[in-house]
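[1] quick one, structure for this:
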Amino acid sequence: MDNTNNFALSKDTIFGAKNHTNINSTFSSLSSFEEISVAKAKEALLLKGISSKEALQILKNLETKKEAIRIFEERKQSDENLKKIIDKLPENITETPKFHEAKGQSVELSDSARETFTRIGARAREAFIEEQIERAMAYNIPYQTYGDNYYQLMQDIDKYEYLLEKAKDYCVDWDTSEYDPVALEQAIEDAEHSAYAENQELRMYFLTTRGVEA
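    Numbers count the residues shown, from 1 in each chain. Purely as a prediction, here's the structure:
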């Protein structure tokens with residue numbers, strides 16, 4: 001006798017319902033069916049007239065259910081183990097222990113330390129102001145118009161020095177005896193345009209002498 005007959009299910013049991021929606025519930029209630037291998041289960045289903053697609057879907061549903069039950073049991077066991085650990089903790093523990101907690105500590109400075117830092121800051125500011133005034137005087141920049149805004153004075157001097165370096169690149173002969181950054185920018189733009197025009201003329205001359213159309 002074929003071994004598959006040991007796990008045979010009656011056709012009436014499988015097809016007792018009007019549709020196949022009850023087939024999954026029928027098989028899920030049969031513990032003996034869950035114990036056989038997937039291959040034998042599939043073979044048994046096929047022998048009972050169920051298509052391969054339906055058989056695979058039934059087996060898939062059973063496997064999904066078994067996996068869900070396994071996960072549920074594992075979580076349930078984990079919860080029980082955690083409860084046992086909590087029950088064994090001493091009663092005087094009322095909060096979760098913290099392994100690391102950053103705490104800021106305020107530093108109280110003495111009066112002499114505060115005075116020292118104040119003097120250092122004042123000296124640094126004086127040195128900064130003196131430096132910007134010297135730079136402004138070197139370019140004849142009217143630094144008095146800036147009032148106490150020496151930071152803005154520093155930025156304008158930096159921009160002016162950048163323009164002077166750019167003017168050298170275009171061979172612009174600029175007189176620094178009079179501070180006029182707007183006029184300097186215009187002179188640089190004119191020099192850039194002239195340089196571009198000269199380059200275009202040289203390119204046209206080169207192509208023309210070589211007999212190449214532009």
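[2] show the subsequent helix or strand relative to the helix or strand harbouring Lys168.
    Element membership for Lys168, per DSSP states H and E: helix 150-169. Sequence-wise, the next helix or strand downstream of helix 150-169 (DSSP H and E) is helix 181-209.
[3] related to what we said a few turns ago, got the buried residues for the helix holding Lys168?
    Neighbour-count burial for helix 150-169 flags Tyr150, Leu153, Met154, Asp156, Ile157, Tyr160, Leu163, Leu164, Ala167 (criterion: 16 or more other Cβ atoms under 10 Å). In this view, the C-beta of every residue, glycine as well, is placed from N, C-alpha and C.
[4] kindly export that helix (C-alpha atoms) in PDB.
    Presented in PDB, the C-alpha positions along helix 150-169 are these (Å, rounded to 0.1, in the frame of the first residue of the first chain):
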ATOM      1  CA  TYR A 150      36.200  98.400  12.700                       C
ATOM      2  CA  TYR A 151      35.000  95.000  11.500                       C
ATOM      3  CA  GLN A 152      33.300  96.600   8.500                       C
ATOM      4  CA  LEU A 153      36.500  98.600   7.900                       C
ATOM      5  CA  MET A 154      38.500  95.300   7.800                       C
ATOM      6  CA  GLN A 155      36.100  93.800   5.300                       C
ATOM      7  CA  ASP A 156      36.300  96.800   3.000                       C
ATOM      8  CA  ILE A 157      40.100  96.800   3.200                       C
ATOM      9  CA  ASP A 158      40.200  93.100   2.300                       C
ATOM     10  CA  LYS A 159      38.000  93.800  -0.700                       C
ATOM     11  CA  TYR A 160      40.200  96.700  -1.800                       C
ATOM     12  CA  GLU A 161      43.400  94.600  -1.600                       C
ATOM     13  CA  TYR A 162      41.700  91.900  -3.700                       C
ATOM     14  CA  LEU A 163      40.800  94.500  -6.400                       C
ATOM     15  CA  LEU A 164      44.400  95.900  -6.400                       C
ATOM     16  CA  GLU A 165      45.800  92.300  -6.900                       C
ATOM     17  CA  LYS A 166      43.300  91.700  -9.800                       C
ATOM     18  CA  ALA A 167      44.300  95.100 -11.300                       C
ATOM     19  CA  LYS A 168      47.900  93.900 -11.500                       C
ATOM     20  CA  ASP A 169      46.800  90.800 -13.400                       C
END
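[5] against Glu67, how distant is Ile133?
    As for Ile133, its distance to Glu67 is 81 Å (criterion: Cβ to Cβ, to the nearest Å).
[6] of these two, which one has the most company?
    Comparing Ile133 with Glu67 by other Cβ atoms under 10 Å, the one with more neighbours is Ile133, at 16 against 10.
[7] that one contacts Tyr143, doesn't it?
    Yes: using Cβ atoms under 8 Å as the test, Ile133 is close enough to Tyr143 to be in contact (5.6 Å).
[8] related to what we said a few turns ago, and of the buried residues of helix 150-169, the nearest to Asp190?
    Nearest to Asp190 among the buried residues of helix 150-169 is Ala167, at 10.9 Å by Cβ to Cβ.
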